[in-house]
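Novice: Task: produce atomic coordinates for the following.
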Amino acid sequence: MVSISKDEQVTDEVLSAHYCLEKVDKVPGDPETTEFKRRARLHQGLWREAKGLEIGSQPIRPKPGQPSRLLGSRIAWDVAWETGANFLNKATRGAVKDRIANRQPHQTLNKDRLYCDLLSSMPMCFNLFGELQADINLADSAVHRWWPDVPGRVTAVLFEWSPGRRLKGQYLENRSAFDVAFILELDNGAQGVLGVETKYHEHCKKEKHPPDERYARYREVSAVTGIIAIDAIDKVAGTELQQIWLDHLLAASMTIHSSNCWNWAGFVLVHPAGNQSYGRAAKRYMDCLNKRDSVYVSTLESLLAADALPRKSARAFQERYLW
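Specialist: Model (predicted):
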């Protein structure tokens, strides 16, 4: 059994039986998202069991003499690293190894989480887009099938990528990165970028308001690029919309960089249809924008339905993440 039926209730007893009952899955005041998070965790635990993979733990890498507990939505650390079982095919495993081998300054990549955590959106991003890195023609076809008005041609697929982190006076001066970025060659020979943020199990949480210096930079980039109404900035800063804004702002900041390398930038938010926390947040964020023509919100279901990926890969992804 890879999942329980859509009509079957996910009870505490069922979750406990598969080591998937977690307090963090309860979202106060949001029963729909709570139900989705509980079902998603159980789905990953059942997928792991169906594949015969040893159960993991919290913490991911237990230390002798320190408390730990079993967690059904993780693969045992040594098994995960030995097999690469968190990744759905050889091409995706290759993309993961390539990214780990090519560090970026000030990166925040958690390798144990990438390999062991079945619920993490980071391995999900690799599983959805990993094959595209090895086949640029497939990547170009997929991008334009998913988002037809994206200009140019895809020339590279980069994971957990930022044009520059913590650079004074450049981009956002923070450690923001895209989960995946599609680098584009435009018709005039210039470059473009489509930055993608992926979400799976996590819900949209209120963020801490940025410190004054960072906030000043974010307001400056927002004003110069014109992507968001100035009077709306205070409505997103320090709220659950902040991360979406900053990811979008990172893309926009590339178009005003002094190098003049980037003539077009777009931003995509991808989430499961069942994750209504991000569905609602995306709608609220779009209402704050001056410019919507380069912002896209896509569900995992819509990407699979577009028939842009090899069918075997799409079926494996569907089985792994949806029900």
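Novice: State the pLDDT value of residue 154.
Specialist: With respect to pLDDT, residue 154 scores 98.
Novice: Any regions of the stretch 1-150 of the chain where pLDDT drops low?
Specialist: Applying pLDDT under 70 to the stretch 1-150 of the chain picks out residues 1-3.
Novice: Run through the strands of it in chain order.
Specialist: Ranges of strands within the stretch 1-150 of the chain are 55-58, 69-75, based on DSSP state E, counting those that start in this stretch.
Novice: And the longest one, what's buried?
Specialist: Think strand 69-75. 71, 72, 73, 74, 75 (16 or more other CB atoms under 10 Å). Where you see a C-beta, it was placed from the backbone N, CA and C, and this is true even at glycine.
Novice: Show me what that strand is packed against.
Specialist: Packing partners of strand 69-75 (3 or more CB pairs under 8 Å, 6 or more residues apart in numbering; DSSP states H and E): helix 31-50, strand 55-58, helix 111-116.
Novice: if we go to 10 Å?
Specialist: When contacts are defined as 3 or more CB pairs under 10 Å, 6 or more residues apart in numbering; DSSP states H and E, strand 69-75 sits against helix 12-17, helix 31-50, strand 55-58, helix 77-83, helix 111-116.
Novice: for the residue most central in space within the chain, which residues make a bridge with it?
Specialist: Centroid-nearest residue in the chain: residue 198, 2.2 Å away (criterion: CA atoms, centre = their mean). Here residue 198 sits in beta bridges with residue 270, as judged by DSSP bridges.
Novice: got the contact list for it?
Specialist: 121-122, 124-129, 178-180, 268-272, 298, 300 (CB atoms under 10 Å, 6 or more residues apart in numbering).
Novice: and if you look at residue 256?
Specialist: 170, 171, 220, 221, 224, 225, 262, 265.
Novice: where do the helices sit along this structure?
Specialist: For the chain, applying DSSP state H gives helices covering 12-17, 31-50, 77-83, 90-101, 111-116, 121-134, 136-146, 212-225, 230-236, 242-254, 276-286, 300-305, 311-321.
Novice: and those helices as JSON lines, adding distance to residue 163 and mean neighbour count?
Specialist: Formatted as JSON lines, the helices of the chain follow (distance: least, CB to CB, whole Å; neighbours: other CB atoms under 10 Å):
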{"stretch": "helix 12-17", "distance to residue 163": "41", "mean neighbour count": "13"}
{"stretch": "helix 31-50", "distance to residue 163": "32", "mean neighbour count": "20"}
{"stretch": "helix 77-83", "distance to residue 163": "30", "mean neighbour count": "16"}
{"stretch": "helix 90-101", "distance to residue 163": "16", "mean neighbour count": "17"}
{"stretch": "helix 111-116", "distance to residue 163": "22", "mean neighbour count": "19"}
{"stretch": "helix 121-134", "distance to residue 163": "18", "mean neighbour count": "23"}
{"stretch": "helix 136-146", "distance to residue 163": "19", "mean neighbour count": "18"}
{"stretch": "helix 212-225", "distance to residue 163": "13", "mean neighbour count": "16"}
{"stretch": "helix 230-236", "distance to residue 163": "22", "mean neighbour count": "15"}
{"stretch": "helix 242-254", "distance to residue 163": "6", "mean neighbour count": "24"}
{"stretch": "helix 276-286", "distance to residue 163": "22", "mean neighbour count": "19"}
{"stretch": "helix 300-305", "distance to residue 163": "24", "mean neighbour count": "16"}
{"stretch": "helix 311-321", "distance to residue 163": "28", "mean neighbour count": "16"}
